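Peer 1: Attaching a predicted model along with its sequence, questions to come.
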Amino acid sequence: MHNEIIIGGFGGQGILFLGKVLATAGMLEGYHVSWFPSYGPEMRGGTANCTVIISDQEIGATISDHPHIVVAMNEPSLFRFAPSLKEGGLLLINSSLVEKEYQKEGIEIAKIPANQLAGKVVNNPKTLNMVVLGALIGYRPILPLSQVHRALEECLAGKEGLIEKNNQALETGWQYACQGGVTHVSQR
């Protein structure tokens, strides 16, 4: 098993935390992991992305030129990272903020209204990153959801008041994906 994942958006969307939880879940599952954050100097509102690699073999590089999965939380990230997606890869788009359509042969495209689900279902707009992570695991089960919950709790150690809402957001995204709520466009 080897998955290279790029998560992109802007500061304030929880991009780096999403990647950290994913990498921690991979580590808890016994895989080799790499988490490589990148963000602009202005932080909130500026660009933010991270590369997460989860593998059953040692990882030689912390960057990915051709990821298996791209999570685009905003339009600039979509057009920056989606072109490098491997054939057969998954493009997961936050349709709350990305209105433009994207076309590429040989990939799968899934859309989730993460901002709406975080705001209306979870009643906490700040949990949109966990809604997206839940949808990713529901759509492509690269790790067990139980391990992602465990990783979330580990990453929020000392901030126990945030765990319940974030776990609810994970479940919301996962259920949305598993019940067919994710708009899916397969392109072959």
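Peer 2: Great, that's in hand.
Peer 1: Now do the contacts for the residue sitting nearest the centre point of the chain.
Peer 2: In the chain, the residue lying closest to the centroid (C-alpha atoms, centre = their mean) is Leu133, at 4.6 Å. With contact set as C-beta atoms under 8 Å, 6 or more residues apart in numbering, Leu133 has these partners: Leu18, Val21, Leu22, Val148, Leu170, Gly173. For every residue, glycine as well, the C-beta is placed using N, CA and C.
Peer 1: What distance do you get for it to Asn124?
Peer 2: Noted for Leu133: a distance of 15 Å to Asn124, by C-beta to C-beta, to the nearest Å.
Peer 1: go on, Tyr39?
Peer 2: 23 Å.
Peer 1: Tell me which residues are up against the longest helix seen in the chain.
Peer 2: Longest helix in the chain, counting residues (DSSP state H): helix 163-178. Helix 163-178 is contacted by residues 110, 112, 114, 117-118, 121-124, 127-139, 145, 148-149, 152-153, 156, 181-182 when judged by C-beta under 8 Å, 6+ apart.
Peer 1: immediately after the host helix or strand of Ala23, which helix or strand?
Peer 2: Using DSSP states H and E, Ala23 maps to helix 15-28. Using DSSP H and E, the helix or strand that directly follows helix 15-28 along the chain is strand 32-39.
Peer 1: hang on, isn't Ala118 packed against Leu128?
Peer 2: Yes: using C-beta atoms under 8 Å, Ala118 is in contact with Leu128, at 3.9 Å.
Peer 1: Return the entry from the contacts of Leu133 with the maximum number of neighbours.
Peer 2: In terms of neighbour count, Gly173 stands highest of these at 31 neighbours, by other C-beta atoms under 10 Å.
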